[in-house]
Structures are given as C-alpha cells and as structure tokens.
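S.K.: Show me how the following folds:
(chains A and B, ligands or ions: 6)
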Amino acid sequence: MIQAKPKVRHPGLQKNALGLTRRDYEGSMSTLCAGCGHDSITAAVIQAFFDLDIPPHRAVKLSGIGCSSKTPTYFLGEAHGFNGVHGRMPAIATGANAANREMVYIGVSGDGDSLSIGLGHLCHAVRRNLDMLYLIENNGVYGLTKGQFSASADVGSLSKRGEPNLQRPIDPVLMALTLGASFVARSFSGDRRQLLPILKAGLVHKGFALVDIISPCVTFNDHESSTKSYMHTRERYLEVVSADFVPPAKRIETDYDVGTTTTVTMHDGSLVRFRKVGEEYDPTDRAAAYRYISGKQAEGEVVTGLLFIEEGCCDMHEVAGTVDQPLTQIPFDQLVPGSEALSDLMRSFR
Amino acid sequence: MEPTDVTNPDYYHKVVDCQWGCPAHTNVPEYIRLIAQGRFTDSYWLNRESNVFPGVLGRTCDRPCEPACRRTRIDGKPVAICRLKRVAADLRDPTESRLPEIPKVGNGKRIALVGAGPASLTVCNDLMPLGYECVIFEQLSKPGGLMRTNIPAFRLPGNVLDEEIDMILDMGVDVRYSTPIASLKALLDEGWDAVFIGSGAPKGKNLEIPGRYDSDRVHIGIEWLESVHFEHIDSIGERVLVIGVGNTAMDCCRTAKRLGGKDVRVMARKSKEYFKASEWELADTEEELVEIMENHSPTRFILEDGKLVGMEFELVTWHEGSDGRLRSQAHGTVEIPCDDVILAIGQDNAFPWIERDIGIEFGDWEMPVVDRTTFQTTRDGVFVGGDAAWGPENIIWAVEHGHQAAISIHSHCQRMPVTDRPAHGMNLISQKMGMREWSYSNDYNPAERARMTHIDLRERFRELAVEVELGFDPEQTAREVERCLNCDIQTHFIDYLCIECDACIDICPVDCLTIIGNGGEVELRARLTVPAENLEQDIYVSGALPQTGRVMVKDEDLCVHCGLCAERCPTAAWDMRRFELIIPYAGQASCAVHA
Ligand SMILES: Cc1cc2nc3c(=O)[nH]c(=O)nc-3n(C[C@H](O)[C@H](O)[C@H](O)COP(=O)(O)OP(=O)(O)OC[C@H]3O[C@@H](n4cnc5c(N)ncnc54)[C@H](O)[C@@H]3O)c2cc1C
Ligand SMILES: Cc1ncc(C[n+]2csc(CCOP(=O)(O)OP(=O)(O)O)c2C)c(N)n1
Ligand code: SF4
Ligand code: SF4
Ligand code: SF4
Ligand SMILES: [Mg+2]
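M.R.: Ligands and ions are numbered 1, 2, ... in the order given. Next comes the predicted model:
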C-alpha cells in the first residue's frame, strides 16, 4: 500500500517565480474517501498558491473539525498550521492575524463547522473583515461523523438512509452579504476553471474573502436524491459571472473589451475582470446581488461565480488602529513593557 | 480524436516499452516480477518462450529493450533488463525442463537448414515439436554460429551456450557437421519440403591500402576470433592495433589483451560520438586499459625487411556539412609502431554457393530478395533469416527471424498461404487485491541502477575463458527488480463510470491525466496538464464522459504505473490490469483478445 505520493515528478513541470513547482506546494497524501470534492479543492488551493508565487512558509493554514478541516494537512506541507476545536477556527485566525499581519491566511471549514457549531464565530470574523481567505467546503452533511444533515442541507433532500431533511438551510452566501462581507463567492469543486481565479482573487483581497464551495461527499451525499451531488450540481449550475484573475505582471499584456466587462482593481494592483454570462449582474451592488441570488435560489438554481466584491474596506487592523509592524517583530521590551506600564495604562482609564 | 481502441493488442503492447522494443517481444516486466518473487525457474522458462537463449542473451544481448525502457525517461537509467535475465538463468533449477514433447511419429515433412547459428536453431526449436524432421548442414565442427566462434568465452562461457543449444539439438535435430553447402541447387534437388538459409554474414570486410598483403600479421577480425576459438591461434605480438569501432573491434582488442598483447589500441577514423560499439562494450574495453585513439584514418602498412613494423594514419577532423553529411579534413600523418593489426571494420554477406538461375532473385549488393514478413525468397519453399537475410544484426533478431520463418515454413508445408500471419492476442486481468492493494509492487522505488561487478583486472587476464561479469548478487537483484515500473500493468479506463471528480488527475505524481474538451491530436496534446511532447508515445482518449461530455486523456509517456489513479477513483473507472501479449508461434492459431 502506498503511504505517500511518490516523489517522482514530470520533468516538464512548470516553475513559478520562486523556482518551485506545483508539487512543492503539496502536503501529505489525502486520507479522505476516494473522489471526495474536498480533495479537488485542495488541488485548486495548491495551484492558487503556486500561481501567486507565495512562499509556502509564509502561509498559515487554519481549520476546525471535519473532513474538510482535515485538508490543510494535504496542501502546503511547509506552511504553519493550526487545527482548532470544532467551529472555533475564526477565533484562532483572529488571534494569529492580530499577532502577525504579514502572513497569508487561509481557513478551511465545512458546512457543519461553519454553519452549525461555529456560526457565531464565522459571523464575527466577517464583521471584523479579518484579512483571510475562508473556504466553506459545503457538502450538506457532517461527513466526518458519517453523514448527518448539516445546516446547509436543502429541505426535502434525502439522507443516504432515505430520510428527508425538514429544516430550512442557512445559505452562507446570502448571510455573508447581509453581514457586510467584502468578498463573497460560490463555486463548485468540480469546476476548477472557475474556482481557481476565485481562490486567487480571494487570497489577494484585503479583508475577509468567503468562498462557499459545493463539494460532494461521495460516501454519504452523492446519491440520486441529494442536492449536493456531482450530478445535481452540474445540472443546476448557473455561472452568473465569469471572473478572471489578472496579476499585475499580466495587466499590460491583457487587452479586453471594456463594454462587456466590469473590472475591479485589487489592493496589490491585480485585476478581477468579470464577464457577464447572460443577464445583467453587477458584482459590486450588494442589494442587487442579494436579490438576484435569492431569486434564482427560489427557482432551484445554484448561482456561482465571484458574486460580490468591495475593495478598499477597512480590515480588522485598520479598524483597531494596530501598529503596522507584525507583533512578532516588535522587540520584547516594547511589546511587554512591564507591570509599571500596565499600571499607568490602568490609571489612564480611571 | 476518436476514442482509443484498447482492444487492439498493439495499443497496450506499445505501453510496455521494453517488450515493444524487443525484437522477440519478450515479456520483460512479468519475468522481472517472477525474479522479485524468487521464482527464477518460472522466469527462465517465460523468457525462453520468446527468446530461446535466455542464458546466452542474459550475457550478450544487444538489448534494444534498454534504451526503450520507460525508466530511462524517469531517472535517466534503464532497468538492467538484460542482466536480470542472467539472474533467472543462473539461479533456475537446472533439473527442471518444460520443453514441449516431441511427437514419436513425425509429420513426414523434411526441412534442410544451412548453418547452425541462432536463426536455424530457433527454426528447429519451433518445428521439432510439430513433428518435422530438421537437418542442419554446418560447415564447422560445432554448433552455435558466431555465438560460438566469435563471442569470446570471457563474455559467454561455453557451458552456458552448450546447455541452451543442446536443449534444441536434443529434440532430435540431425546436425551434419563439417558439411559446407557448396551448391544450393544440389541441395534443392534432394527434394526437401522446405529449405532455410541461416548462414550468417561470414565475410569480414577488408582494408585495401598499400602493404595489406605484404605481411601475415594483418588479420581479419572475425576470422581471427574464430581461429582463437578453435585454438589455431594462441598468441599475439605485444603491440596490437585494432582497426574499427564496432563491437567486433572491442572483442578483438580484449581478446588480444588475453593472448599477450600489452599495448593494444583501437584506431578509430571518427570521434567517439560516431562509434558503433554499444556504450557498455566500449566502457568494458576501456576498463581493460585499451587505448582508444579517435580521428586516425589508416593510410598504409609500414614494413621493414618484409616484416610489419607499424601503420601510418592521417590525422583528421570531422565537420558536418550543410547537407548533414560528415566531411573530414586532414592535418598531416603519424606512424604508429605495431606487431599485429586486426581489421574489424564490418561484415559482408557472401552467397557464392547459391546459383543465380534457380528462381532466387538477387537484388542490391548481391543479396537475395527476401520478404520482410514471410522471410521467403522469390522461390517458394526457400526461406532466409538471421544475418543472412539483410546483413549483420544480432542474436535476438536472428531468433525473431527464426520464429517468423518457422511460421512460414509450417504454412508452406500445410499448403497455406505464407502471407497469412497469425495475429497477436492479449489477456487483460485486474490486479486489484483490496481497497488499496494490488498484486504487484506498485510504489515507485527511487533506487539507482545496479552496477555490474567485474572480476579483478589481474585475475581476468589469467586465462581466456575467465568470465568478466560476476552477475548481480542477491542485494543488487532485489534492488534492481524494484526499479521496474511494471509497464504491463495497464491503467484501464471505463468512461461511463467516471463522475469527473478529478481525484485521479490530482493524485497522479507525474501529471499524466487530463479531463478536457476533445480536439485534434496536435492541439489536444498541447492543452494537457503537462503538454504531451514526446510524440513517440501515444495519448489515450476516452469516449465522452457522462456528465459533461468532456474526455479523459492520458499521456502514456511517463506513467509509473503506481495505480494511485485507480486507488483514488471512487467508481473504479480506472483499474490496473495486467496486459499479457499472446504471441502465436508456428502451429498456433491467431489468439483471441480477452479484455
Ligand atoms: C565478434 C562478434 C561479436 C558479437 N557479439 C554479439 C553479442 O554480444 N550479442 C549479440 O546479440 N550479437 C553479437 N554478434 C552478432 C551475432 O553473433 C550474430 O548476429 C548472430 O550470431 C547471427 O546469427 P545467424 O544464425 O544468422 O548466423 P551465424 O551465427 O553467423 O551462424 C551461421 C552459421 O552458418 C554456417 N555457415 C555459413 N555458410 C555455410 C555454408 N555454406 N554451409 C554450411 N554452413 C554454413 C557458419 O559456419 C555458422 O555456423 C557478434 C558478432 C561478432 C562478429
Ligand atoms: C465540540 C464538538 N462537537 C461535535 C463534534 C463531532 N463532529 C466532528 S466533525 C462534525 C461535523 C463536521 O461537519 P463539516 O464541518 O460539514 O465537515 P465535513 O466532514 O462534512 O467536511 C461533528 C459534529 C466535535 N468533534 N466537537
Ligand atoms: S520499467 Fe520495466 S516494464 Fe517498463 S520499460 Fe523498463 S523494464 Fe520494461
Ligand atoms: S498509474 Fe495512474 S496515477 Fe500512477 S502514474 Fe500512471 S496515470 Fe498516474
Ligand atoms: S477518479 Fe474516477 S471518477 Fe474521478 S475523475 Fe478520475 S476516473 Fe473519473
Ligand atoms: Mg460537511
């Protein structure tokens, strides 16, 4: 039995600006069920970090509990990581980000982890506009604990045993829009072409980038009466805008037709370029986006794409007025000035 | 592209690079796995089915399989396929025989064969079990052809050769030694049902420059080696020049070293990159402190008082012209003293004993016209194979010619068209043993190619017959077998099962797989996960996938047959199946395809 993916690699593999290949961004071999959508998302995450030339050791991977939350082990083996308790990843991410604002943060969570036990934490992370990419690998079930319905399961969808779900689902995209999120997207693990530019834009976005990714659970929720299966998703898939991520280096070469596209400039100078597919859709108009998505949802369609973006909002550090330097770089005697300084501070509040 | 037809045995056969590259299509990966399991006897007999002389070939084969081996494309060095064959031959149970039974009553057909080299011997091997009476006419006193007389004993011990030749002769072949055929017409007049000409390419090329015939110390390489073999020659002068850069030249100078040559040099007209000798024979020669002098073009023999004292050479450099042809430029001459000169500049065919008016058409270079598939001449019932057919090749080609000629001879004697060839068949059997378990050792092993141990230099020159290569020891063998990538364990795809989850694409360590919109081959190759630039390797294209209509494409080039795609596939759309090529020999019908 093979325990680790063999190190042998294709000699023709592309190298990025750091001289690394995509394989240098892998972690250990997945132990999830064969065919799990989460694995496909892992591969897209690897590709996104590779494409953006992010040194693996400058990344921080955070997660809670669940099959989805296991996946950080499978990418960026050289990155920092923390597996928190169930649903508490946003709190840990907040602490880590507060201490070192220079790292690249990626959180991986599930629909159970984020919408059931950890819902409150997620809401506040959105509200803080914590600078991170936050993935919800959404399969409609608690995969790790053998397939109970999660809070994202649709009414009427059947469990593997044949029992229907009776409770109304929480939609993370609509919820994030109402909470004032600055970056909201939905995609599908089986559509790497769409998912990849969204992940890249999310990593570059300054603030909280929430991506809800339909990710079929092959073992417990990929049957005929599931609404989160490969087949169901592919049949109801509506790509409302197609987003391209254009890094700064490529900007000059890219010539595009302004008439049919909307462009958003990211804080590092890269562009996100939207091409509308079908009807008018404006990914910079929060209210219109909400209306459109909830309308289509009523028709049973899964609206996907980078659905809303607002660049230039204050992130947690700006709101809190923290120092520019990461706390890790501040000399210890300044960072912890001693009990005398604390007493002075306390006195100032009197 | 149209979906790939994997029911055509050629498709998967081509994936097994070594087997495809082997003229006799030996089932290399299977015999390597048998060695890995310690089943040396099974491995030996599997080899023998196709290549007839595993012990001989495990030491001497030209090994076209090795440059073809997939492992070369992965880590630069092929699996030591040839020397593993020797392991099977050396360690097999010598008391066990799996030779077919020879019918007590023959089929009444009589075949005459000219020459007892590997080509004729293979024809006998295939026809004797069918009841034929085979009579070999051999001009020398021993069987084996050049394997016997020219391949020196320090590369191929006599007992190994005897054993494998005897397996065939003991089937009841009638060999008439010391019986040169001087007239094919006379032979044909004896009324044989078929005649096979396996007389080799017996004439060493000559060098017509001044002084050539003025001394008896100038020798023709293959004749000289033959004389050494028959012990007509047992010494040579201290200073020897060998002219030529092929394998024969290497055998000549290494033999000279063992007969008393102290200062032995190989004189080459061109530089090393143009040498014809195999890389390994060249290396073994240099190891024996033979000096190789490049860019020396011979101009004359120097004699003093009727005695050979040296040779004159023109110093040349080579330039490739705009037409791609090499041109030389001379830079003066040098004289190199010597006591003996051995000419090893090639072999020619010679058929003075074939009359030109007996219905056998001759073409260019006084060679008989021979059909490339049937091995028949323009006269029905007269067949040619081995070096006699199209000039010097090697043992494994002679064996393959023998197999094909035997098929033709059998058809001819059964009054069936010789052009009807029995088709290859195949078996395809799943190797799945459990969730993540396979019948073969599927993990990639990064071991480097084992180096053959050679006997100590001093020990080696003690006697002509001291074998140089010691063979692999158990540790080397155990490591080397794991380098084989099991290319016969095919990734077999069933398109309607695929749910397009991408698991196989992402797990593949060498990025072989892509799910993509179909297109023309050139453009499709360019769009794959990693572009498929090795055009010698096929790409597999599935039928349209059920959910999106895209296709699964696999670039066969670098697949290491690790089985991870099949392990990670939730629907078993990929499976690892052992491909077994079924090769029909004389008397066997076309084989079915069991997929
Ligand atoms: C020095 C040297 C080293 C070689 N080393 C290798 C090696 O390491 N590996 C390898 O694969 N190949 C090697 N070869 C090539 C290989 O030996 C030949 O390709 C192979 O033996 C050809 O087989 P064959 O059956 O066609 O003919 P041969 O082996 O040439 O046999 C022909 C036989 O026919 C007999 N014969 C010829 N004419 C007549 C006649 N008129 N009447 C009766 N008998 C006749 C000859 O005496 C001979 O016995 C080497 C060749 C040479 C010269
Ligand atoms: C505090 C706590 N409560 C309950 C559990 C049991 N538990 C483990 S994983 C899980 C649900 C995970 O669901 P999700 O986040 O959707 O992940 P998936 O496995 O589906 O990817 C639960 C309830 C736990 N580990 N900790
Ligand atoms: S790796 Fe093994 S099976 Fe593949 S070509 Fe080489 S020897 Fe043959
Ligand atoms: S067996 Fe499958 S996973 Fe392994 S190298 Fe070949 S195609 Fe890739
Ligand atoms: S793992 Fe299986 S089901 Fe998934 S894409 Fe590959 S072949 Fe298709
Ligand atoms: Mg879940």
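S.K.: so residue B:43 touches residue B:90, yeah?
M.R.: No. Checked against CB atoms under 8 Å, the pair residue B:43 and residue B:90 is beyond contact range at 11.1 Å. No exception for glycine: its C-beta is placed from N, CA and C like everyone else's.
S.K.: of those two, who's got more company?
M.R.: residue B:43 (27 against 16; other CB atoms under 10 Å in any protein chain shown).
S.K.: Centroid-nearest residue for the chain?
M.R.: Since no chain was named, I'll use chain A. residue A:135 (2.6 Å; CA atoms, centre = their mean).
S.K.: Switch to chain B, please.
M.R.: Mean-position check on chain B, CA atoms, centre = their mean. Result residue B:396 at 4.0 Å.
S.K.: hang on, that residue is in a helix, isn't it?
M.R.: Yes. Using DSSP: H, G, I helix; E, B strand; the rest coil, the assignment for residue B:396 is a helix.
S.K.: for it, what are its contacts?
M.R.: B:22, B:23, B:24, B:51, B:57, B:61, B:62, B:64 (CB atoms under 8 Å, 6 or more residues apart in numbering or on different chains).
S.K.: per-residue confidence for it?
M.R.: pLDDT for residue B:396: 98.
S.K.: Excluding covalently adjacent residues, which one is nearest to it?
M.R.: Once flanking residues are discounted, residue B:396 sits nearest to residue B:23: 5.0 Å by CB to CB, 6 or more residues apart in numbering or on different chains.
S.K.: Report how many residues lie close to the one you found.
M.R.: When neighbours are counted by other CB under 10 Å, residue B:23 comes out with 21.
S.K.: who's in contact with it?
M.R.: Contacts of residue B:23 by CB under 8 Å, 6+ apart are B:64, B:396, B:397, B:399, B:400.
S.K.: Now do residue 29, the pLDDT please.
M.R.: Picking chain A for this. 96.
S.K.: nope, chain B
M.R.: Value listed for residue B:29 in the pLDDT field: 98.
S.K.: okay, and for the chain, where does confidence drop off?
M.R.: No chain in the question, so chain A it is. Along chain A, segments meeting pLDDT under 70 span A:251-261, A:276-279.
S.K.: nope, chain B
M.R.: B:594-595.
S.K.: which parts of it sit against chain A?
M.R.: With CB under 8 Å from any CB of the partner chain as the criterion, chain B comes near chain A at residues B:74-75, B:436-437, B:442-444, B:446, B:499-503, B:505-507, B:509-511, B:530-531, B:533, B:547-548, B:558, B:560, B:562-564, B:567-571.
S.K.: Cross these against helices and list the overlap.
M.R.: B:74, B:75, B:503, B:505, B:506, B:507, B:564, B:567, B:568 (DSSP state H).
S.K.: Phi first, then psi, for the residue of the stretch 201-350 of chain B found nearest chain A.
M.R.: With CB to the nearest CB, the shortest gap between the stretch 201-350 of chain B and chain A falls at residue B:279, namely 21.7 Å. Residue B:279 has phi and psi values of phi -50, psi -40 when expressed as degrees, to the nearest 10.
S.K.: neighbours around it, how many?
M.R.: Residues near residue B:279, counting by other CB under 10 Å: 10.
S.K.: ok, now how distant is it from ligand 5?
M.R.: Distance, residue B:279 to ligand 5, using CB to the nearest ligand atom, to the nearest Å: 40 Å.
S.K.: what do you get for residue B:473?
M.R.: Going from residue B:473 to ligand 5 by CB to the nearest ligand atom gives 42 Å.
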